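**Student:** fold the following and give me the result.
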Amino acid sequence: EAASLYQIELDLKRTFPEHAEFRSARGRARLRRVLRAFVRRVPATGYTQSLNFLAAFLLLQIPERGGIRNSAQVDREEATFWLLCCVVERLLPDYYTSRLTGLQADTRVLEALVAQHPTLHRVGANLERLGLSLSLVSTQWLMLGFIGILPTETPLRAWELLLPLGPRALLAAALAAMRR
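**Tutor:** Predicted structure coming up:
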């Protein structure tokens, strides 16, 4: 757990440093508490890549008085924590593990979809010609759900679909992004 807590402290300074919420000590403290609580919930997994951006994005989407649970208001941090748990544990299991097995599987699915697509197969071929692989780009897209990669409106739309559809929504968003 100590290694995870140390990494969280390093990543706090790198998490959306241009956003007013995370330039403030209060905003960084909120994010710290959400991430620490998550690490304590899943000690076997601990803190992994991209959780800081994921938690920060979710924190920014939750209003100050987060939501209703059992007819009582839930504060913003608690609502963010539970939403982070839902995303990591249920919607994208094995994306945020040391082996990234879920992420690797979906990256391979995306590569297969691109290879079979009538026009997108050229994207993969062009990347290969440049000595790059689609997985180099798509790993970050999928792991972050496009957060910080595309204008904020785009990840919000992808996340609207992620909640009911799971990783299929991210794969569809990746295909759509490549078509542009």
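**Student:** which strands and helices sit next to the strand or helix carrying A172?
**Tutor:** Using DSSP states H and E, A172 falls within helix 167-179. Helix 167-179 is packed against helix 101-116, helix 134-144, helix 153-165, with contacts defined by 3 or more Cβ pairs under 8 Å, 6 or more residues apart in numbering; DSSP states H and E. C-beta here means a position set from N, CA and C on the backbone, and glycine is covered the same way.
**Student:** of all the ones you listed, which lies closest to R76?
**Tutor:** Closest to R76 of the helices and strands packed on helix 167-179 is helix 153-165 (Cβ to Cβ; 17.1 Å).
**Student:** that closest one to helix 167-179, inter-axis angle?
**Tutor:** On the basis of axes from the mean of the first three to the mean of the last three Cα atoms, to 10 degrees, helix 153-165 is oriented at 150 degrees to helix 167-179.
**Student:** nearest to F53, out of the helices and strands packed on helix 167-179?
**Tutor:** Using Cβ to Cβ, the helices and strands packed on helix 167-179 put helix 134-144 closest to F53, at 5.6 Å.
**Student:** measure how buried S135 is and give me the count.
**Tutor:** When neighbours are counted by other Cβ atoms under 10 Å, S135 registers 16.
**Student:** that one and A112 touch, don't they?
**Tutor:** No - with contacts counted by Cβ atoms under 8 Å, S135 stays clear of A112, the gap being 11.6 Å.
**Student:** what stretches of this protein score poorly on pLDDT?
**Tutor:** Residue ranges of the chain with pLDDT under 70: 65-73.
**Student:** how about G131, secondary structure?
**Tutor:** Put simply, G131 is coil when judged by DSSP: H, G, I helix; E, B strand; the rest coil.
**Student:** one step back: could I get the helices and strands packed on helix 167-179 as a markdown table with distance to Q49?
**Tutor:** Below are the helices and strands packed on helix 167-179 laid out as a markdown table (distance: least, Cβ to Cβ, whole Å):
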| stretch | distance to Q49 |
| --- | --- |
| helix 101-116 | 10 |
| helix 134-144 | 7 |
| helix 153-165 | 17 |
